[in-house]
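Undergrad: Structure of the sequence below:
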Amino acid sequence: MAADPGETLISASSIKTVILLCGLPGSGKSSLAQQLVQKWHQDVVLHHIEYDALQDALHDDNKDALQAWRASRLEAIQQLCNLLELKESSVILMDDNFYLRSMRKQIWQVCRSHATHCRVYFGIIWLDTPLPICLQRNQQRQRSVDDETIVRMSQTQELPSQEISFERSSLVVKDDAKDVLDFVFSRPQKSDSLEPPIDPAIEQERLEQERQRTLNSIRHQVDQALRHCVKLVAQIDPQLAGQANQIRKELLFLQQDHYDVQYIQQAFMDRMLLLNHNNDNIAEQLRTALAKQCGQLTK
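TA: Predicted coordinates for the structure are as follows:
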């Protein structure tokens, strides 16, 4: 007998699954949430944060419509944060239009900020209900939205895209969706938990360390190339080895932020030829040997 998916969800400690229920007004988000609550396993903690209900409650507190709308958004996020802070495992349904990607990303960022102390899974369910049905249902609601507002939202809505990193775990469904329950239950098994945001200072330090490792690696390569040049000079005239080694050290010091093997080899050759230009025999041997090392002949 297959295990109830609810049992899997509560088997690990401090797992939060946050699901956004998105769609136009009248698309059936709240009805879907109620169905999920009714079908939910009794041992699984499920929370339903309904923005419209919050707005109605705040509107009754002597706030005008716009004030209530703004306050309901803040209250919903505060409730989400409070639930994410709890030690119990739970599923949290965020019920609102979320018709713009920026709105969904805001909730994703809140969830990600809490991923330091618990495992958080994030998913999006978009109810793709036809506009005429949404308008019809809206007229039957106790608190309806202007038809113009719904039409405008339908024209500017941004459906979830799995090409967007934070929207990869998303499901677009019609009015009657049989896959919704499985989608909600399976987030811990079929998606990765959110990674906590990286502290900017820590990230900057990591980048600097990476930069230093890269520079040190390139510096080592340049040093090896210059040592080979010194060796060539010593083979031509052992008395010039000290001079060549000093040039190697100076170039490594002066070019700390510009390590380019070919450039520094050329600089080494130019220095050696400049210091020994009075000795035609030595200069010609240096020119030939070092030009081969640099991979190019100089006039």
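
Undergrad: give me every residue that touches residue 286.
TA: With contact taken as CB atoms under 8 Å, 6 or more residues apart in numbering, residue 286 is in contact with 233, 236, 269, 272, 273, 276. Where you see a C-beta, it was placed from the backbone N, CA and C, and this is true even at glycine.

Undergrad: Kindly apply the preceding question to residue 230 instead.
TA: Per CB under 8 Å, 6+ apart, neighbours of residue 230: 241, 244, 245, 248.

Undergrad: Tabulate the residues you listed in JSON lines, adding columns for neighbour count and secondary structure.
TA: Below are the contacts of residue 230 laid out as JSON lines (neighbours: other CB atoms under 10 Å; DSSP: H, G, I helix; E, B strand; the rest coil):
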{"residue": "241", "neighbour count": "15", "secondary structure": "helix"}
{"residue": "244", "neighbour count": "24", "secondary structure": "helix"}
{"residue": "245", "neighbour count": "17", "secondary structure": "helix"}
{"residue": "248", "neighbour count": "21", "secondary structure": "helix"}
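
Undergrad: of all the residues you listed, which comes closest to residue 128?
TA: The shortest approach to residue 128 among those belongs to residue 248, at 68.6 Å (CB to CB).

Undergrad: quick one: secondary structure of the closest residue to residue 195 other than its chain neighbours?
TA: Leaving aside its sequence neighbours, residue 195 sits nearest to residue 115 (CB to CB, 6 or more residues apart in numbering; 6.4 Å). In the three-state summary, residue 115 is assigned as coil, counting by DSSP: H, G, I helix; E, B strand; the rest coil.

Undergrad: Just to check, residue 115 is in contact with residue 122?
TA: No - no contact is recorded between residue 115 and residue 122 when judged using CB atoms under 8 Å, the distance being 9.5 Å.

Undergrad: Touching both of these two, which residues are there?
TA: Overlap between the contact sets of residue 115 and residue 122, as judged by CB under 8 Å, 6+ apart, is given by residue 194.

Undergrad: Of the two, give the one with the bigger neighbour count.
TA: With neighbours defined as other CB atoms under 10 Å, residue 115 and residue 122 compare such that residue 122 has more, 26 against 18.

Undergrad: So for the more buried one, what pLDDT did the model give?
TA: We note a pLDDT of 92 for residue 122 in this prediction.

Undergrad: for stretch 275-292, the distance to its chain's centre please.
TA: Relative to its chain's centre, stretch 275-292 lies at 56 Å (CA atoms, centre = their mean, to the nearest Å).

Undergrad: Could you export that stretch as CSV, CA atoms only?
TA: Listed in CSV are the C-alpha atoms of stretch 275-292, where the atom choice follows Å, rounded to 0.1, in the frame of the first residue of the first chain:
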residue,chain,number,x,y,z
LEU,A,275,71.9,46.5,-20.8
ASN,A,276,74.1,44.6,-23.2
HIS,A,277,73.8,46.6,-26.4
ASN,A,278,77.5,47.5,-26.4
ASN,A,279,78.4,43.8,-26.8
ASP,A,280,77.3,42.9,-30.3
ASN,A,281,78.1,39.2,-30.0
ILE,A,282,76.3,38.8,-26.7
ALA,A,283,73.4,41.0,-27.8
GLU,A,284,72.9,38.9,-31.0
GLN,A,285,72.9,35.6,-29.1
LEU,A,286,70.5,37.0,-26.5
ARG,A,287,68.2,38.3,-29.3
THR,A,288,68.1,34.9,-31.0
ALA,A,289,67.7,32.8,-27.9
LEU,A,290,65.1,35.0,-26.2
ALA,A,291,63.2,35.6,-29.4
LYS,A,292,62.7,31.9,-29.7
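
Undergrad: circling back to that earlier point, what distance do you get for the residue nearest to residue 195 to residue 225?
TA: Shown here: residue 115 relative to residue 225, a distance of 46 Å by CB to CB, to the nearest Å.

Undergrad: do the same with residue 25
TA: Counting by CB to CB, the gap from residue 25 to residue 225 is 69 Å.

Undergrad: same question, residue 17
TA: Here the criterion is CB to CB. By it, residue 17 lies 56 Å from residue 225.

Undergrad: try residue 91
TA: Taking CB to CB as the criterion, residue 91 is separated from residue 225 by 61 Å.

Undergrad: go on, residue 40?
TA: 68 Å.

Undergrad: which of the contacts of residue 286 are buried?
TA: Using 16 or more other CB atoms under 10 Å as the burial test, the contacts of residue 286 include 233, 236, 269, 272, 273, 276 as buried.
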